[in-house]
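> Predicted model, plus sequence, below.
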Amino acid sequence: MSAPPRPSTASRTAGARTTRPAGNRPTARRGRLVEEPPTPEPESYALAHIVSGVLAAAQALVLSLAVVVLPAVVAYLVGNAALTSAPETPDDGVQVRSAIDVATGLWLLGHGVPLTADAVTVTLAPLGIAALALFATYASAKRFAATSVRAWAAGTVTYAVATTGVALLAGSAPGWSLALAPPAGLVMGGLGMALGILARPDAPAPAELGERAEGLAQRLTGFDLVPATLRLGLRGGAVVVALLTGGAALLVVAWALAGRATSSDIVTALEPGWTGGIVFAVAQLALLPNLLLWALTWIAGPGFAVGEGTSFTPFGTVSGPLPAVPLLGALPGEDWANPVSAWAPLLVIACGVAAGVFVWRRLEPSLVRWSDVGWVLGGIVLVPALFVLLGQLAAAGAVGPGRLSQIGADPLVSAGLVAAEVAGGAAAVLLGAKLDVVARRGEIGDDLVAWLRRPAPVGGEQDRDEEPGGEAHDLASELGFDGSPGQDDGAPRGATPDGDPDPQDGADEDPAPSRDWARTAAYAVSDPEPDVASATGPADGDETPEEHQGT
């Protein structure tokens, strides 16, 4: 079945149109989708956001606390049943409560709240527990919390209040350390809730948040607080942190493989059983991030200590009696300090080189100024320095009195050395690349010599150091140090910067002539060829100056 023919417009004549008069035409039909002013958010929505944040934080706290408390309770019950077959006594409840208090104290210790047991104060935070709590908060916020500031604030406050309540109920923290529970809960809960909410599909991207914060700061202060080059440098610093963390992880794996015999002997001597094995496994995972941060300082050079008077560095190892913890069997022995390991700090310098290459490839070389190089270099150094400083502060502490009061690395020394080594590697790349760009604009030495040895000014002319308009010469701009992309200066191709024709223009047939104006014949410095005529006297038929004056 064929389609109906389209009406022809050729047969229509003027005045034969069948349209309605203008006054009787119907108005245009509005579309169904129209822009309406946004309605204010109902109070029920705000309440729902607050409730979602509270529930997410409470769920995260319960889950992370259960992962630490349940293994301790199970280990106690199984161990008690194996030791005696007597019926349950009234003291069993007290013992279970004691096991719960110790496990809760370990959970608080992961948040930075000291643990006190039998008059011994432990301040070494197991960062694995902190990572567990942070991940639980992140996962709960991502799944249950609403994408709003109200949900984040409600979840953060809930986590801090709950952490303080756990510290009060546990009784494992001394009175002065209870003051650390609220700020620790605020930091842990706020960070986990923020990461989880920002990971939701309807959340704004981190780049968008950064632009908003930058615009707000610029409106409040009137200038850009974080230049684009500094932001690029911070990205390069994140690359350094990732490389250092990966290198430290590989080193920990190598230490664990080399010390597996020692760790096996410790486990065999303790005879923990399957329940004790579970507890030991949790303890190893809790201390693994600490060992990773210590390995990072070992690579950088300052090393770390596990007990007063001990030292583990790539230049030497001084060990001593250690607690019976299987993970400590993976510490580097004396054979790890050798002439090869003494070059370990070069790995940190190499990370700085990698960051410098990463940053320079994202810059436009012809537009980079020396101030840009400084901002980029500052950002590259700032991120790993802060990471090492805060990481070593969290990974250091004490596990008892006496020689066990010093465990970890010196935060200030470690951060300073890492910053210096990263700065050396990144500066070698950035400064070298910048100087190469400057050199491509003109050979620095030849340009300077040519400029200083230019022909003396002729009498009656203006000073060569001053332009005809009375404006003084700028040596920096003439030699290519003013940061301009090129040295054209408005002169046509085939002419010198002063506008004079290039004597070599006709002889040089290169379609892409060199921009090195200092090497052209107009600025070349050479001895003039001797005038043969002036040396031998006037030739026959030539007039002398006196004869010319006479005529």
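Sure, I can see it. Residues are numbered from 1 along each chain as shown.
> is it true that residue 138 touches residue 196?
Yes - at 4.3 Å, residue 138 counts as touching residue 196 under the criterion of CB atoms under 8 Å. Where you see a C-beta, it was placed from the backbone N, CA and C, and this is true even at glycine.
> Who has more neighbours out of these two?
Set side by side, residue 138 and residue 196 show more neighbours around residue 196, with 27 against 21, by other CB atoms under 10 Å.
> Next one: the more buried one from residue 210, what distance?
19 Å (CB to CB, to the nearest Å).
> shaky segments in this structure?
Along the chain, the model assigns pLDDT under 70 to residues 1-43, 79-95, 172-174, 223-224, 272-276, 441-551.
> Identify, by residue count, the longest helix of it.
Longest helix of the chain, by residue count under DSSP state H: helix 43-83.
> Which SSE is immediately downstream of it?
helix 91-110 (DSSP states H and E).
> For that following helix, name the packing helices and strands.
Counting contacts by 3 or more CB pairs under 8 Å, 6 or more residues apart in numbering; DSSP states H and E, helix 91-110 packs against helix 43-83, strand 115-117, helix 127-144, helix 149-170.
> how about those in JSON lines, adding distance to residue 257?
Output for those, formatted as JSON lines (distance: least, CB to CB, whole Å):
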{"stretch": "helix 43-83", "distance to residue 257": "26"}
{"stretch": "strand 115-117", "distance to residue 257": "32"}
{"stretch": "helix 127-144", "distance to residue 257": "20"}
{"stretch": "helix 149-170", "distance to residue 257": "38"}
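> right, so of the ones you listed, which gets closest to residue 288?
helix 127-144 (5.7 Å; CB to CB).
> between that closest one and helix 43-83, what angle do the directions make?
Angle of helix 127-144 versus helix 43-83, following axes from the mean of the first three to the mean of the last three CA atoms, to 10 degrees, is 140 degrees.
> buried ones in helix 127-144?
127-142, 144 (16 or more other CB atoms under 10 Å).
> One more: stretch 256-266?
256, 258, 259, 263, 266.
> Quick one: residues in contact with it.
324, 325, 326, 327, 329, 330, 331, 332, 333, 336 (CB atoms under 8 Å, 6 or more residues apart in numbering).
> ok, now stretch 137-145?
When contacts are defined by CB under 8 Å, 6+ apart, stretch 137-145 is touched by residues 52-53, 55-57, 59-61, 63-64, 151-152, 155, 159, 188-189, 191-193, 195-197, 199-200.
> just to revisit the earlier point, mark which of the contacts of stretch 256-266 are part of helices, please.
Per DSSP H, the contacts of stretch 256-266 never map to helices.
> closest to residue 385 among those?
Proximity of the contacts of stretch 256-266 to residue 385 was ranked by CB to CB; the top entry is residue 332 with 24.5 Å.
> That closest one: neighbouring residues, count only.
Using other CB under 10 Å, residue 332 has 22 neighbouring residues.
> That one contacts residue 255, correct?
Yes - look at residue 332 against residue 255 with CB under 8 Å: they come within range, at 5.8 Å.
> rewinding a little: quick one: the contacts of stretch 256-266 as JSON lines, columns for distance to residue 343 too.
Converted to JSON lines, those look like this (distance: CB to CB, whole Å):
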{"residue": "324", "distance to residue 343": "34"}
{"residue": "325", "distance to residue 343": "30"}
{"residue": "326", "distance to residue 343": "30"}
{"residue": "327", "distance to residue 343": "27"}
{"residue": "329", "distance to residue 343": "26"}
{"residue": "330", "distance to residue 343": "22"}
{"residue": "331", "distance to residue 343": "21"}
{"residue": "332", "distance to residue 343": "15"}
{"residue": "333", "distance to residue 343": "19"}
{"residue": "336", "distance to residue 343": "13"}
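> Would you write a ChimeraX line that selects the buried entries of the residues you listed?
Selection of buried members from those for ChimeraX, criterion 16+ other CB under 10 Å:
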select :325,326,327,329,330,331,332,336
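> Take the contacts of stretch 256-266 and keep only those in strands.
Using DSSP state E, no member of these sits in strands.
> Let me know the closest of the contacts of stretch 256-266 to residue 237.
Using CB to CB, the contacts of stretch 256-266 come closest to residue 237 at residue 332, 27.5 Å.
> Ramachandran angles for the closest one?
Main-chain dihedrals, residue 332, degrees, to the nearest 10: phi -70, psi 140.
> next one: residue 119
Residue 119 has phi and psi values of phi 60, psi 20 when expressed as degrees, to the nearest 10.
> That one and residue 73, how far apart?
Distance, residue 119 to residue 73, using CB to CB: 24 Å.
> who's more crowded, these two?
Between residue 119 and residue 73, counted using other CB under 10 Å, the more crowded position is residue 73 (14 against 6).
> now the helices for the stretch 351-500 of the chain?
Secondary structure of the stretch 351-500 of the chain (DSSP state H, counting those that start in this stretch): helices at 370-395, 411-441, 444-452, 475-479.
> roughly how far apart are residue 399 and residue 69?
In terms of CB to CB, residue 399 sits 21 Å off from residue 69.
> How about residue 196?
Distance of residue 196 to residue 69, given as CB to CB: 23 Å.
> Residue 407 too?
Following CB to CB, the distance that separates residue 407 from residue 69 is 25 Å.
> which one of the two has more residues nearby?
Neighbours per residue (other CB under 10 Å) separate residue 407 from residue 69, with residue 407 holding more: 23 against 18.
> which residues pair with that one across the strands?
residue 306, residue 397 (DSSP bridges).
> Correct me if wrong: it contacts residue 308.
No - Residue 407 lies out of contact with residue 308 (CB under 8 Å); the separation is 9.0 Å.
> dump the residue contacts of residue 358.
Contact analysis of residue 358 by CB under 8 Å, 6+ apart lists 235, 236, 239.
> Please repeat the previous calculation with a cut-off of 10 Å.
Counting by CB atoms under 10 Å, 6 or more residues apart in numbering, residue 358 touches 232, 235, 236, 238, 239, 240, 380, 426, 429.
> How about the fourth one: what's its closest non-neighbour residue?
The reference is to residue 238. Spatial nearest neighbour of residue 238, chain neighbours left out: residue 383 (5.7 Å); criterion: CB to CB, 6 or more residues apart in numbering.
> Count residues in the vicinity of the one you found, would you?
Neighbours of residue 383 (other CB under 10 Å): 21.
> So it versus residue 422, what's the distance?
Residue 383 is 9 Å from residue 422, by CB to CB.
> what residues do the two have in common as contacts?
By CB under 10 Å, 6+ apart, the residues touching both residue 383 and residue 422 are 236, 237, 240, 241, 355.
> and the first one, what element?
Yep, that's residue 236 we're talking about. Going by DSSP H and E, residue 236 is in helix 228-258.
> Could you give the number of residues near residue 237?
Neighbour count of residue 237, defined by other CB under 10 Å: 26.
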